[in-house]
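Asks: take a look and give me a structure for this.
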Amino acid sequence: MRPIIAIIGDQVHEVSPVINMNNADMAPNEIKRAVTLAGGLPIILPVSEDSPAVTAELADQYVAGFDALILPGGFDVDPTLYGEEPIPECGPTLRPKDLFEVPLIRATISAGKPIFAICRGMQILNVALGGTLYQDITAQDAEATIKHEQSARGDLPTHHVNFTSAATLATIFGPHAYVNSRHHQAIRQIADGLHVTATAPDGVIEGIESDNDDQIIGVQWHPENMYRESEPNYNLFVNLVERAQRFAAQD
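Replies: Next up is the predicted model:
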C-alpha cells in the first residue's frame, strides 16, 4: 500500500459568491502530483480555527492518520510566536494556521514520523521547535546580498545553494544546486535538534535537517515547481515516500 502523505492545507482568501468556497482548504496541485508520482497517497489536513488547546488535544489523533507530513509554503509566520512584534516589512500572516501547525509538528516529531518542509514550512517548523526568523531579510539581515524574491517565472531557478557534505540533501543534489526563490523571510536562529545543511551564497539558510537522523528535511525553495524538469527536486519527494515507507514498516 502507498504511504499516506499529509499536506497541511492553506486557505483560499479571495471573496467568493459561493459561501462554501470562502476560506476553503487547499494544497498546491504540484505538491499533490509530485507525491502521487513518487508513490505516496496525498491527503490535505484542513486547518482548524479552534482554540490552540483543542488543536493540541487533537494533534495525536491527526498524526495517527498519516505516515509522513509535508509543510508547504504560504503566509508569513506570526512573529509573536517567536517573541517579536511585527516590523513594517512583515507580510500577511494567518495566526490560526500557525497555531494549528505548531502542536501538529511537535506531535509528528514525537511520533517519529518523517517531515518534509518547504519554504514557509521550514520556517514554521523552526519556530515550532524554538527557533527564530528574519521577518524580512532585506530589512534585518545585512549580510543578505542576493535577490530571494525572484521576478522570474516561479518554476525557473534564479540562484545557487551550497550543501554540507554529510547532509542527506547533498546525497540528493551533490555539492551545489540551482534553485527557484520566492521568500522574504528566513531562519535566523536555528532551533535545537536541527542543523543547517544548505545556504545561499550570501549565507541565508536554504536547507535544514534533523540532528542524528533523517526524520526532518526542509528546503527554502519550491521543489514542487521544479520536479518535472529536475530529477534531484523530484527525488526530494521520492525520499519522503521512502522515509514514510520505512516508518510504516516498523508498525
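Asks: what about the chain, any weak spots by pLDDT?
Replies: 12-24, 50-54, 251 (pLDDT under 70).
Asks: mind listing the helices for it?
Replies: Taking DSSP state H as the criterion, the chain carries its helices at 29-37, 52-63, 95-110, 120-128, 137-140, 168-173, 231-250.
Asks: pick the most buried one from those.
Replies: Mean neighbour count (mean count of other Cβ atoms under 10 Å) peaks for helix 120-128 among these, with a mean of 26. (C-beta placed from N, C-alpha, C; glycine too.)
Asks: tell me what that one is packed against?
Replies: Applying 3 or more Cβ pairs under 8 Å, 6 or more residues apart in numbering; DSSP states H and E, one finds that helix 120-128 makes contact with strand 68-71, helix 95-110, strand 115-118, strand 133-134, strand 186-187, strand 205-210, strand 216-219.
Asks: now the angle from the second one to helix 52-63?
Replies: This points to helix 95-110. Interaxial angle, helix 95-110 versus helix 52-63 (axes from the mean of the first three to the mean of the last three Cα atoms, to 10 degrees): 50 degrees.
Asks: which residues are contacting helix 95-110?
Replies: 8, 10-11, 45, 47-49, 52, 55-56, 59-60, 62-63, 69, 71, 74-75, 77-78, 81, 115, 124-125, 127-129, 215-216 (Cβ atoms under 8 Å, 6 or more residues apart in numbering).
Asks: how about stretch 153-165?
Replies: So stretch 153-165 is in contact with 146-148, 150, 152, 169-170, 173-182, 196-201, 206-207, 221-222, 225-226, 229, going by Cβ under 8 Å, 6+ apart.
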